[in-house]
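*Asks:* sharing a sequence plus its predicted fold:
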Amino acid sequence: MKRLLRLALTKGRLETKLLGLLRRAGVDTAPLGDKGRRLIHPLPDAGVEVVLAKAPDVITYVEHGVCDLGVVGKDTILECGQSFYEVLDLRFGACRFALAVREGEDFFGTYRHRRVASKYPNVAGDWFAAQGLDVEIIRIEGSVELAPLLGLADAIVDIVETGATLRANGLVPVADICPVSARLIVNLAAMKMKRAPVQAFVALCRAGLEGD
């Protein structure tokens with residue numbers, strides 16, 4: 001029997017969106033309908049077996065070659081590295097990275113030392129370096145909106161979708177950093193050694209996008 005490609009997939013919303021895309025391309029996604037506690041699920045119609053994982057682990061599995069493909073947000077790609085091919089923007093999970101401050105504060109108009117809190121210190125640090133701004137980046141794992149409210153930071157860099165959470169905590173975006181959406185990534189070796197099945201899966205995803 002032909003070996004299925006392994007596809008690492010972030011659990012939750014990206015999983016739901018990808019399955020919808022595959023259904024539009026004619027794929028039977030019923031095998032993932034009743035997952036139980038299992039973490040690996042074959043989707044023969046798509047030529048893959050799905051490995052459900054957290055976002056940073058998707059990249060780890062693809063980079064190390066235990067998974068041939070992965071679906072993960074551009075935010076995680078920017079933060080965690082790129083030793084793989086990014087082959088397709090899947091156009092769901094759309095949001096943006098933004099710099100936000102407490103309403104009424106002027107982040108750019110001061111020369112004092114500034115501190116910025118973020119769950120994405122690499123993204124934040126790279127952006128400020130590109131702007132020629134010297135700031136201190138503080139890594140936060142939980143609700144990053146707390147940092148300005150508690151006086152820990154002057155601003156935050158975070159993912160913004162509707163802005164509702166910012167508004168609820170008295171914060172406003174003052175600069176957009178970059179757009180974010182789900183991307184299909186491919187292991188470097190798999191792109192060469194398994195080109196035909198990889199291209200077949202990419203074509204399925206493109207068909208699903210066209211049917212959206």
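*Replies:* Structure received. Numbering: from 1, shown residues only.

*Asks:* which strand runs longest in this protein?
*Replies:* For the chain, the strand with the greatest residue count under DSSP state E is strand 171-180.

*Asks:* adjacent strands (with direction) for that one?
*Replies:* Note on strand 171-180: by DSSP bridges, its sheet partners are strand 95-102 (antiparallel).

*Asks:* who are the packing partners of the helix or strand just after the strand it pairs with?
*Replies:* Sequence-wise, the next helix or strand downstream of strand 95-102 (DSSP states H and E) is strand 115-118. Under the contact criterion of 3 or more Cβ pairs under 8 Å, 6 or more residues apart in numbering; DSSP states H and E, strand 115-118 touches helix 121-130, strand 136-139, strand 155-160. To be clear about C-beta, it is placed using only N, CA and C from the backbone, and glycine gets the same treatment.

*Asks:* helices of this protein, residue ranges please.
*Replies:* In the chain, the segments counted as helices under DSSP state H are 13-24, 55-63, 74-80, 121-130, 146-149, 164-168, 188-193, 195-210.

*Asks:* so for the protein, the centremost residue is which one?
*Replies:* By Cα atoms, centre = their mean, the chain has its centre lying nearest to Gly73, at 1.5 Å.

*Asks:* bridging residues for that residue?
*Replies:* Ala182.

*Asks:* tell me the contacts of it?
*Replies:* By Cβ atoms under 8 Å, 6 or more residues apart in numbering, the contact set of Gly73 is Thr10, Leu14, Ala55, Gly93, Val180, Ser181, Ala182, Arg183.

*Asks:* kindly recompute the last result at 7 Å.
*Replies:* Residues near Gly73 by Cβ atoms under 7 Å, 6 or more residues apart in numbering: Leu14, Ala55, Gly93, Val180, Ala182.

*Asks:* quick check, nearest of those residues to Arg195?
*Replies:* Nearest to Arg195 among these is Ala182, at 22.6 Å by Cβ to Cβ.

*Asks:* and the gap between that closest one and Ala94?
*Replies:* 8 Å (Cβ to Cβ, to the nearest Å).
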